[in-house]
Structures are given as structure tokens and as C-alpha cells.
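[1] Sequence isn't available, so here's the structure alone:
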Ligand SMILES: NC(=O)c1ccc[n+]([C@@H]2O[C@H](COP(=O)([O-])OP(=O)(O)OC[C@H]3O[C@@H](n4cnc5c(N)ncnc54)[C@H](O)[C@@H]3O)[C@@H](O)[C@H]2O)c1
């Protein structure tokens, strides 16, 4: 079965990017949010991103219009009934995601494949919350989705291998490079990246160096495109905190424990670029 109609749950930072690349690749794409305001914000951001692409000459006006034409927004998960593939990109919260998967299982046809964009939750638990654990995989995109080439596809011990292959081909059809990983918390990238980001927060809190100098050092010393604090602000301080908690719960190792400063920043509402302030100030 070829994947044609795609559903995306959540139109936040990731969901809007995933919906955009699916629509751009020609899939009829439906994206959901919990209310009209959040949906409107997400859809407007897709339009703005495409508009900038037209301004810069990266895509044509026709491509922008056909992408937007392939895209529908909804606040009703019931509209996903006809989807061949649903990619869940809702908030990194176990209970919320389990409820979404249980609902999708009732709404969608038995042949539909479910993917989760979760960064740290285990795919097996999401899979067994449905009546189709052989058709559930991790489909982990990177931020910003339209620009980042990588997708991690994650199979569990219950998955049908042909489903992994189908989703892999789907990701390649979006123009992405797909790597396959086992269902181990954090998969490849976050397993290695999250301890590094948390360590950066710890050394900042210890007074090792100024935040700007740490960012500069990791950029110029390691050839990274951005330093850890700029990256934390891009990923989202709240999302990083959720991920760290989940990884710590899984591994019980200090390297995954969320540092006190991270928790304080979440409580203070400094969630990164998306709220105008994280480690850096984006209000201007
Ligand atoms: N931020 C990143 O860099 C990044 C990278 C890769 C993966 N992820 C993962 O992607 C997922 C989303 O992260 P994000 O950064 O986009 O978070 P976000 O907070 O920007 O967006 C999440 C959105 O999901 C919506 N939502 C929650 N419950 C919903 C429901 N039942 N139906 C529809 N929408 C719902 C929220 O209203 C919110 O707008 C998380 O699992 C996260 O771990 C994030």
C-alpha cells in the first residue's frame, strides 16, 4: 500500500514542519490542533515559511500554492479516518500521547500506519496501546523540519518489517535521509545529544564560563553549527526538560537528570525562541 493521505497530530514547532514537508511532497495532508487559535498560529507560520521561500527564490509561487492546497487544518481527530499514515507530533507527554494513539486506533482504518515523532518516549508502549502494534513506528524528524535532512525511523520488536520499509520509503519521498534505529529511549541522536546539552547547563551553572563563550567554544572548537544554548533555545527548554525526565526515568543515570537551572527556566516560562526568551532574549 502506498502512503498517500497523511495526518499530523499537533501543529506546534514540529507538527507544522512535518505537515509542510508532507504537503510539499504532494501528499494530501491534514494537521490537527487542540483549538482554533493554535491551529491558526501553526497554519500562519507554515504560510510565512513558504512565503519567505518564495521571496528568497527557493520555491516558486506555484509550489507554495500547491503545498497550501494539499494542506487542511482541523481540531477534530475524527477527520483522520481516511489517512494512510498518521504522524503524532503532540506535546512530549506520555499520557497525552497514549490517549491520542487510543483515539486514532478507533478512528483510522485497520491498514493505517501510526508514527510518533516523540524524542524520548518508548514506541513499544505507544504501539501496545493500539490494536495494531505491528503498524506503529517512531518517525523522528529534526527541527526545523523543512531544512533538516535527517529522519530516524524506529521499529519495535512487534513491528512488521514491511511497515518500517514503507515508512522509510515515505521519508525518502519527502527528500529526507532515513536512518533506522531500535526502540531505545532517545534513539541515536538524542541518546548522544541530550547528555551534552544537560552538561552545558551544568557547567554554566557552575560558573565555568559565560554562556556566549561556551556557545562560541563549541562552535569553533568542534565545528558545530551552533552552540548548546542556542540549540537549547531552538529545541525548546520545556521540551528538553520533558525529554530529560523521560530519559532519566528510563536509564536512571546522572547524565540524563535534568539540572536544577533547566527546571527553573521551565517554571519561569523561559521556553526558548518560541516564547521570545530562553537562554537568549529574542524579544527584539
Ligand atoms: N522541538 C524539537 O526540536 C523536537 C525535535 C524532534 C522531535 N520533537 C518531538 O516532537 C513533539 C512535539 O514537539 P514540539 O517541539 O513541536 O512541541 P510544541 O509544544 O511546539 O508543540 C506541540 C503541540 O501539540 C499540540 N497538542 C497537544 N495535544 C494535542 C492533541 N491531542 N491533538 C492535537 N494537538 C495537540 C499542542 O497544543 C502544541 O501546539 C514532541 O514529542 C517532541 O519531543 C521535538
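    Done, it's in. Everything numeric here is computed off the predicted structure, so don't read it as measured data.

[2] Which residues of the stretch 1-150 of the chain lie near the ligand?
    Applying CB under 6 Å from any ligand atom, one finds that the stretch 1-150 of the chain approaches the ligand through 9-10, 12-15, 32-34, 38, 89-92, 96, 100, 117-119, 140-143. (Glycine included, C-beta is placed from N, CA and C.)

[3] Give me the subset of those residues that lies in strands.
    9, 32, 140-141 (DSSP state E).

[4] would you list the residues you listed in CSV and tack on neighbour count and pLDDT?
    As requested, those are exported to CSV (neighbours: other CB atoms under 10 Å; pLDDT from 0 to 100):
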residue, neighbour count, pLDDT
9, 28, 98
32, 28, 98
140, 27, 98
141, 23, 98
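
[5] Tell me which two of the residues you listed sit farthest apart.
    32 and 140 (19.4 Å; CB to CB).

[6] What residues does the stretch 151-284 of the chain have near the ligand?
    235-236, 239, 243.

[7] Please look at residue 150 and residue 180 and confirm they touch.
    No. Using CB atoms under 8 Å, residue 150 is not in contact with residue 180, being 11.8 Å away.

[8] between the two, which one's more packed in?
    Neighbour totals were compared for residue 150 and residue 180, and residue 180 leads with 17 against 14 (other CB atoms under 10 Å).

[9] Nearest to the ligand: which residue in the stretch 151-284 of the chain?
    residue 235 (3.9 Å; CB to the nearest ligand atom).

[10] gap between residue 51 and the ligand?
    Using CB to the nearest ligand atom, to the nearest Å, one obtains 20 Å as the distance from residue 51 to the ligand.

[11] Repeat that for residue 59.
    With CB to the nearest ligand atom as the criterion, residue 59 and the ligand are 23 Å apart.

[12] SS state for that residue?
    Under DSSP: H, G, I helix; E, B strand; the rest coil, the three-state class of residue 59 is coil.
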